[in-house]
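Participant: Fold the following.
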Amino acid sequence: MTKRIICIHLVLLLFAVLKLSAQTITTNNLTQTSFCAGGNIIVQYSSSGSFPMGCIFYAELSDATGNFSNPTVMGSVPLNTGVIAGTIPSTTPFGINYRVRVTASNPYTVGTISSTPVIITSTAVSATILANPGNQGCAGDTILLWASFNESYFWSTGETTQSIHVTQSGTYTVTVTNYLTGCEVTSEPVNVTIHPGPPLNLGSDQSLCEGDSLILSAGAGYAQYFWNDSTSGTELTACESGIYSVGVTDTFGCSATDTIALTFNPLPALDLGSDTSLCGSEYMLYACPGMMAYNWNNGLSYNPALLVTESGAYSVMVTDSALCVSRDTIMMGIHPPPVLELGHDLSLCGTYLVLDGGNGYLSYNWNQGNGSGQFFTVTQSGIYTLVITDSSGCQAGDSIQVTLIPLDPSTGLYAYPNPFREEITIVSSQGLEKSAPLLIDESMRTYYPGFTLNASGMNIQTAGLSQGCYLLYLEEDGKRSLLGKFVRP
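Facilitator: Presented below is the predicted three-dimensional model:
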């Protein structure tokens, strides 16, 4: 029983030993043994045993004495390829006894150390860039990039001088060949920023009009502003002709200036005059001549003059060649004169005639002061004049010649009124039972109006007659007797 247990333990121990020794790494000696700090290196190795997927292989560098207590990783591969390409850190100090080895991550396996010493013969200190006056500037500035002294230089711009001048933003490097060791070393990149400068723009020169104002804006966010009037705000309000300028400085210290010329043109000299009230049917309003555009009452007319035929407010807007605008308004009272018509000259039988000047006027002046009412009674032949004035102060005048023919004393026959409207009354000392009236107008048309007899004569109905002059006759037994010319106003 004891022998059997011992055998089992030996088998398990042998299995464990075999399992632990299943993965091994052998680091090959390097074919090249002298390198430059910052240079490339190829490390080859061989392995035995099985490494799972995801295992990473590292090429490690010892210190200058060959000690791996704090190794430096030069490169790695995620597959077991047998070759690792790496880079010697540019800060590696000079040494002649460096060693390399390969390790694996899973399971963690440390390979053998190369037996041949490795010499590192240069450091990256020999590749340094200095920027003068600094690595930032403004548009138009030039920055000097200078490399430390070496045997040769190759800049990222393609230039091969020790120093270069740059005017654009970018990342710049230089690769130098050390004049002692011949090693090529590339500098740390230097970032140069050329700020574009403030995008200052006051705009194009402008022509404006008197009374206008223009807000000039230099834009927000600058560190300093300086206008030509010594103010220091972001904006300036201009209302006079002149040249305006501003300078700004941004937070990077970059400056810009701009200038604008402003012209304020006088407004058109427009004057329609004082408000006007007149008697008449029309009036011509004139705006100032020579304008580029006219606009009366928002589109009523686009001409320099406007014919006014109605009372009201009239406004005009004129625009000159500088696009300056003036406006004016006038109140117009257009009052048509009253229409006065006393009618045609009259000859009639009778001793009087009543003239009618029309209803609703403010005043009446018959025969220069002989009457002041709407009606005027004519008692003798002659020329009679009337001047009327309406509520607007407008006047009209007319005259009429009246001839009164004395009545026949034997008949005592006469008619009134003249002018007439609704009826004409005939008075006679003799009976008119056998008589009938008739009227003949200026076109020789004959009218037989209705009438009624009364004790003193007759009343003739004339309401339907048109305006005009009529001859009034009495007809009896086929004979006609003229009483006179009568007017229907």
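Participant: in the strand or helix carrying Glu475, what's buried?
Facilitator: In the assignment (DSSP states H and E), Glu475 maps to strand 468-476. Using 16 or more other CB atoms under 10 Å as the test for burial, strand 468-476 gives Cys469, Tyr470, Leu471, Leu472, Tyr473, Leu474. Placement of C-beta: from N, CA and C, glycine included.
Participant: Just the mean pLDDT for that strand, thanks.
Facilitator: Mean per-residue pLDDT for strand 468-476: 88.
Participant: Give the other helices and strands that that strand contacts.
Facilitator: strand 436-441, strand 479-488 (3 or more CB pairs under 8 Å, 6 or more residues apart in numbering; DSSP states H and E).
Participant: Give me the three-state assignment for the residue nearest to Ile424 when sequence neighbours are not counted.
Facilitator: Leaving aside its chain neighbours, Ile424 sits nearest to Ile460 (4.4 Å; criterion: CB to CB, 6 or more residues apart in numbering). At Ile460 the chain is in strand, as set by DSSP: H, G, I helix; E, B strand; the rest coil.
Participant: and Ile460, how many neighbours?
Facilitator: 23 (other CB atoms under 10 Å).
Participant: now do Leu348
Facilitator: 22.
Participant: Point out where this protein drops to low pLDDT.
Facilitator: For the chain, applying pLDDT under 70 flags the ranges 1-21, 122-126, 180-181, 349-350, 406-412.
Participant: if we can go back for a sec, so the residue nearest to Ile424 sits against Glu422, correct?
Facilitator: No. With contact defined as CB atoms under 8 Å, Ile460 does not count as touching Glu422 (9.9 Å).
Participant: Direction included, what does the strand holding Glu475 pair up with?
Facilitator: Sheet pairing for strand 468-476, assigned by DSSP bridges, gives strand 436-441 (antiparallel), strand 479-488 (antiparallel).
Participant: Could you check the helix or strand where Ile388 lies and say which residues are buried?
Facilitator: For Ile388, the host element (DSSP H and E) is strand 382-389. For strand 382-389, the neighbour count (16+ other CB under 10 Å) marks Tyr384, Leu386, Val387, Ile388, Thr389 as buried.
Participant: and those residues as JSON lines, adding distance to Ala37?
Facilitator: Below are those laid out as JSON lines (distance: CB to CB, whole Å):
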{"residue": "Tyr384", "distance to Ala37": "138"}
{"residue": "Leu386", "distance to Ala37": "131"}
{"residue": "Val387", "distance to Ala37": "127"}
{"residue": "Ile388", "distance to Ala37": "125"}
{"residue": "Thr389", "distance to Ala37": "122"}
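Participant: ok, back up a step: if we look at the strand holding Ile388, which residues are touching it?
Facilitator: For strand 382-389, the surrounding residues in contact (CB atoms under 8 Å, 6 or more residues apart in numbering) are 338, 340, 342, 355, 357-358, 361-368, 376, 378, 395-402.
Participant: Just the buried residues of those.
Facilitator: Here, 16+ other CB under 10 Å leaves 338, 340, 342, 355, 357-358, 361, 364-366, 376, 378, 395-396, 398, 400, 402 buried among the contacts of strand 382-389.
Participant: how's the protein carved up into domains?
Facilitator: Listed by automatic domain parsing, the domain ranges of the chain are 23-120, 125-195, 206-265, 276-335, 346-405, 414-488.
Participant: Just give me the neighbour total for Pro93.
Facilitator: Neighbours around Pro93, by other CB under 10 Å: 11.
Participant: right, I mislabeled it, should have said Pro336
Facilitator: 14.
Participant: Quick one: distance of the strand holding Glu475 to the chain centre.
Facilitator: 80 Å (CA atoms, centre = their mean, to the nearest Å).
Participant: cool, and stretch 209-225?
Facilitator: Counting by CA atoms, centre = their mean, stretch 209-225 comes out at 17 Å from the chain centroid.
Participant: which residues make contact with it from outside it?
Facilitator: 198-200, 202, 206, 208, 231-239, 244, 246-251, 258, 260, 262, 264-267, 322-325.
Participant: how about it: buried residues?
Facilitator: Cys209, Leu214, Leu216, Ala218, Gly219, Tyr222, Tyr225.
Participant: end-to-end on it?
Facilitator: 28 Å (CA to CA, to the nearest Å).
Participant: Now do the contacts for the closest residue in space to Cys288 that isn't next to it in sequence.
Facilitator: Nearest residue to Cys288, sequence neighbours excluded (CB to CB, 6+ apart): Leu270, at 5.1 Å. Taking CB under 8 Å, 6+ apart as the criterion, Leu270 is in contact with Ala287, Cys288, Val316, Val318, Ser326, Arg327, Asp328.
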